[in-house]
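*Asks:* Provide a 3D model corresponding to the input given below.
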Amino acid sequence: MQTTAEVSGSGLDLIFKYIDEQQNEFVQMSNGQSVHLPPVILAELKKDPKKPTLCIYGHVDVQPAKKEDGWTTDPYTLTEINGNLYGRGASDNKGPVLAWLHAVEAYQSLKQELPVNIKFIIEGMEEAGSNGLDTLTEQRNMTFFSDVDYIVISDNIWISKKPALTYGTRGNCYFFVEVEGQKQDMHSGVFGGSVHEAMTDLIALLDSLVESSGHILIPAINEAVAPLTEEEKKRYQGIQFDLEVHKKDCGVTKFLFDTKEEILQHRWRYPSLSIHGIEGAFFETGTKTVIPRKVTGKFSIRLVPNMDPSEVEKQVTEYLHKVFAERNSPNQLKVTMPISAKPWLADVSDPQFVAGRRAVQTVFGVDPDLICEGSTIPIARNFQDVTGKSIMMLPIGGADDGEHSQNEKMSRSNYIQGTKLFAAFFYELSQLPHK
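*Replies:* The predicted structure is shown next:
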């Protein structure tokens, strides 16, 4: 079932289409709970068949935030301080979504005809992996996406103070490593030294995954990584990125590598493994002399082009079972991969990137850096694989916006200039050859 509602009062002549069938679908959470998927909004403006069609993707869900986590303002009240707009979602991703709407509204307020056809797809599950959106994309590929020429995403940030266009993201495989021992928690004074402890096994397994240098120890995990080309090497050399400023922003004194090129390459085009936590372990303040009966370690591997999640899952599972077998432990090991997402890579010579460069030059007066994103935005690869359309990321967030962190922000300047950039992008797309 599909319902349609006219949106008025904002100056935007949009038709929002609520996809009701998604509301009847459920997603299984890690705690076993089933929850309804929220609706996805598909919207379009009046169309002119002579113009190219741009589809703008965004999301309005955010990471959790509490004032007591270290926020200086209420995270869910947009607050301006010294030219910065603070609030959860200011940069990721409510701010850019609103900037796209304001770019459209600018044309309408000036009574100027939009140079391109505009469609929107706005979801509320991106932070949880865009559950259901891949299915929806397939369902709507021959209808909503059929006349789309370009898809643009603004769900990321610049690498410095210089504007950028993003042509790639890493993928992600997230793992649970569960070790279960005795039937109940035990007193370490009574049983310590006489039983095989699940926590000891788990720590050994996690320690076997990655070296202090960042090198992943799982055999063959790096074999699929594409070799660095000379063209790509030159691209890294020209990117504006200050290591000392980056250290200060991160609050660290030393990185794993010493040069700008090495740091960026290991953030963007090489896989990484990060350990995130242990469930079932004692973590509160104070002391507790318990031997937990079951613990679950959590880690993820960021994938790069040519790496396949199913192959990575096989490599990780076989390796951990091999390491565990060598411990001769009677405990039970279970390895699962609840989340997987493929990396995404675009062709920077694509016409949409030409339009993006020209728009940046018009608004900012500089050539943009061509960058990748170390994190994962699964929908980019999904859009590319299913629709076959041109995909580009056009960020307007600053490098210090603090996405997913306390005091997330976007500067007033970035928001205003970003809105101008989006409006200029409409024009530059219209100047490309169109069938």
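
*Asks:* mind listing residues that contact stretch 306-320?
*Replies:* The contact list for stretch 306-320 (C-beta atoms under 8 Å, 6 or more residues apart in numbering) reads 171, 173, 175, 177, 205, 208, 218-221, 224-226, 271, 301, 303, 333, 335, 337, 340-343. The way it works is simple: take the backbone N, C-alpha and C, and place the C-beta from them, glycine included.

*Asks:* let me fix that: stretch 406-417
*Replies:* Applying C-beta under 8 Å, 6+ apart, the contact partners of stretch 406-417 are 65, 69-73, 75, 80, 83-92, 95, 99, 363-364, 396-398, 401-402.

*Asks:* thought Thr296 was touching His276?
*Replies:* No: look at Thr296 against His276 with C-beta atoms under 8 Å: they stay out of range, at 10.9 Å.

*Asks:* which parts of the stretch 101-250 of the chain are strands?
*Replies:* Counting by DSSP state E, counting those that start in this stretch, the stretch 101-250 of the chain has strands at residues 117-123, 150-153, 164-169, 171-180, 186-187.

*Asks:* spatially nearest residue to His404 (excluding sequence neighbours)?
*Replies:* Gln63 (4.9 Å; C-beta to C-beta, 6 or more residues apart in numbering).

*Asks:* how about the one you found, what does it touch?
*Replies:* Arg88, Asp92, Glu127, His404.

*Asks:* so how far is Pro96 from it?
*Replies:* 16 Å (C-beta to C-beta, to the nearest Å).

*Asks:* would you mind measuring from the spatially closest residue to Asp61 that is not a sequence neighbour to Gly89?
*Replies:* Excluding the flanking residues, the one nearest Asp61 by C-beta to C-beta, 6+ apart is Gly124, at 4.4 Å. Distance, Gly124 to Gly89, by C-beta to C-beta: 11 Å.

*Asks:* and those two? Which one has more around it.
*Replies:* Higher neighbour count among Gly124 and Gly89: Gly89, with 24 against 17, using other C-beta atoms under 10 Å.

*Asks:* for that one, report the pLDDT, please.
*Replies:* Reported pLDDT at Gly89 in the predicted model: 97.

*Asks:* on that earlier part again, give me the subset of the contacts of Gln63 that lies in helices.
*Replies:* Among the contacts of Gln63, none falls in helices (DSSP state H).

*Asks:* from these, which is closest to Leu256?
*Replies:* Closest approach between these and Leu256, by C-beta to C-beta: His404, at 21.1 Å.

*Asks:* pull the number of nearby residues for that closest one.
*Replies:* Residues near His404, counting by other C-beta under 10 Å, number 15.

*Asks:* which pLDDT value goes with it?
*Replies:* 90.

*Asks:* buried sites along stretch 109-119?
*Replies:* Buried positions in stretch 109-119, judged by neighbour count with 16 or more other C-beta atoms under 10 Å: Leu114, Pro115, Val116, Asn117, Ile118, Lys119.

*Asks:* could you do stretch 317-331 as well?
*Replies:* Within stretch 317-331, the residues scored as buried using 16+ other C-beta under 10 Å are Thr317, Tyr319, Leu320, Val323, Phe324, Ser329, Asn331.

*Asks:* quick revisit: unless I'm mixing things up, the residue nearest to Asp61 is touching Gly58, no?
*Replies:* No: using C-beta under 8 Å, Gly124 makes no contact with Gly58, being 10.4 Å away.

*Asks:* follow-up on the earlier one: out of the contacts of Gln63, which are inside strands?
*Replies:* With strands defined by DSSP state E, no entry of the contacts of Gln63 lies inside them.

*Asks:* what two of the residues you listed are the furthest from one another?
*Replies:* Between any two of the contacts of Gln63 (C-beta to C-beta), the greatest distance is 10.6 Å, for Arg88 and Glu127.

*Asks:* which residues are common contacts for the two?
*Replies:* Val62, Gln63.

*Asks:* more neighbours, these two?
*Replies:* Arg88 (24 against 15).

*Asks:* give the helix, strand or coil label for Lys334.
*Replies:* strand (DSSP: H, G, I helix; E, B strand; the rest coil).

*Asks:* ok, the residue nearest to it when sequence neighbours are not counted - contacts?
*Replies:* Nearest non-adjacent residue to Lys334, counting by C-beta to C-beta, 6+ apart: Glu178, 4.3 Å away. Counting by C-beta under 8 Å, 6+ apart, Glu178 touches Lys294, Val295, Thr296, Gly297, Gln332, Leu333, Lys334, Val335, Thr336.

*Asks:* can you name the residues bridging to Glu178?
*Replies:* Thr296, Lys334 (DSSP bridges).

*Asks:* that one and Leu205: what is the separation?
*Replies:* Remark: distance between Glu178 and Leu205 (C-beta to C-beta) = 10 Å.

*Asks:* for Thr137, same thing?
*Replies:* The spacing between Thr137 and Leu205, counted by C-beta to C-beta, is 37 Å.

*Asks:* what's the answer for Ala65, then?
*Replies:* As judged by C-beta to C-beta, Ala65 and Leu205 stand 32 Å apart.

*Asks:* so what pLDDT did the residue nearest to Asp61 get?
*Replies:* Confidence score, pLDDT, at Gly124: 91.

*Asks:* contacts only, for it.
*Replies:* Contacts of Gly124 by C-beta under 8 Å, 6+ apart are Pro38, Pro39, Val40, His59, Val60, Asp61.
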